[in-house]
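S.K.: build me a model from this:
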Amino acid sequence: MKKPILAFDVDGVLVDVTESYRETISRTVERFTGRLISHAEIQDYKVRGNASNDWLLTHEIIAGRGVEAPFEEVKAHFQKLFLGNGGNGSEGLIQRERWIPNPGLLEGLAERFRLAVFTARPREELDITLARFASGIAFEPIVAMEDVREPKPSPDGLYRIFGQIDLQEGYYIGDTADDARAARAAGIRFVGVGGPSNPRYIDLVFQFQAEGAYAIIDDVNFIERAFE
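M.R.: Just a heads-up that it's a prediction; the model follows:
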């Protein structure tokens, strides 16, 4: 009998990106506009949706502040901050990431589920993080930014995951409006991760409820409660 699949988003679910991706957005916006953007303001964009690509989001924020900057320049500065001068992730803000799952959590889930990943991260950056924190976990399949024609909230990535294993039963674990909408569009049960430390926690919970979330948890370490 085939195991049901448990597909994870990465940022905000498996990895705390407050001091990595979110801080990179803030610093890049400051570089081009001269003004910081708070993490709460960034979360407002995430709650709104259509904000899964952090390069595009950063460029949008800069433009919204009345500054015209070429997208490629914004992206290049973003990547320099995030991956460091060497561009390989050995330095830069990616090193501030924190792995969220407690030891043994994913190993235990793997006894009941087939674990997969659907993320808006570029595969190179995903590989750096998984090698650092979860080299012993077999995620299969993995769907990253380059693997889909349309980003979330499009369900393309979930179709790829569930199509590959011909399985109609499973869950997608995410922390944004785009994650919830992708799951709903694909007909996959969605488990929303709210996170009480999220500056827009209540708004996000209400949004997950409106999108028909199967369950809402505060942290991926409480995932077992979703199946009770």
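
S.K.: and Leu93, how far from Glu125?
M.R.: Distance of Leu93 to Glu125, computed by C-beta to C-beta, to the nearest Å: 11 Å. In this view, the C-beta of every residue, glycine as well, is placed from N, C-alpha and C.

S.K.: joint contacts of those two?
M.R.: Each of Phe82 lies in contact with both Leu93 and Glu125 under the rule C-beta atoms under 8 Å, 6 or more residues apart in numbering.

S.K.: how is the chain carved up into domains?
M.R.: Residue ranges for the domains of the chain, per automatic domain parsing: 5-17+97-227, 21-95.

S.K.: how about TSV for those domains, with mean neighbour count and mean pLDDT added?
M.R.: Formatted as TSV, the domains of the chain follow (neighbours: other C-beta atoms under 10 Å; pLDDT from 0 to 100):
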stretch	mean neighbour count	mean pLDDT
domain 5-17+97-227	19	92
domain 21-95	17	93
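
S.K.: all helices for the protein, in order.
M.R.: Under the criterion DSSP state H, the chain contains helices at 21-33, 39-48, 54-64, 71-83, 105-110, 123-133, 156-165, 177-186, 201-210.

S.K.: contact partners of the first one?
M.R.: Residues lying outside helix 21-33 but in contact with it, judged by C-beta under 8 Å, 6+ apart, are 11, 35-39, 42, 54, 57-58, 61-62, 65-67, 69, 74, 77-78, 81-82, 93, 96.

S.K.: likewise for the third one?
M.R.: Residues lying outside helix 54-64 but in contact with it, judged by C-beta under 8 Å, 6+ apart, are 21, 24-25, 28-29, 32-33, 37, 42, 45, 51, 69, 71, 74-75, 78, 120.

S.K.: quick one: that helix to chain centroid distance?
M.R.: Distance of helix 54-64 from its chain centroid, counting by C-alpha atoms, centre = their mean, to the nearest Å, is 17 Å.

S.K.: ok, now which ones touch Ile128?
M.R.: With C-beta under 8 Å, 6+ apart, Ile128 has these contacts: 88-89, 94.

S.K.: again, only using 6 Å
M.R.: Residues in contact with Ile128 (C-beta atoms under 6 Å, 6 or more residues apart in numbering) are Gly89.

S.K.: quick revisit: quick one: closest of the helices of the chain to Lys2.
M.R.: helix 156-165 (7.2 Å; C-beta to C-beta).

S.K.: tell me what angle that closest one forms with helix 177-186.
M.R.: Relative orientation of helix 156-165 and helix 177-186, computed by axes from the mean of the first three to the mean of the last three C-alpha atoms, to 10 degrees: 50 degrees.

S.K.: by contact count, what packs against helix 156-165?
M.R.: Packing partners of helix 156-165 (3 or more C-beta pairs under 6 Å, 6 or more residues apart in numbering; DSSP states H and E): strand 114-118, strand 142-143.
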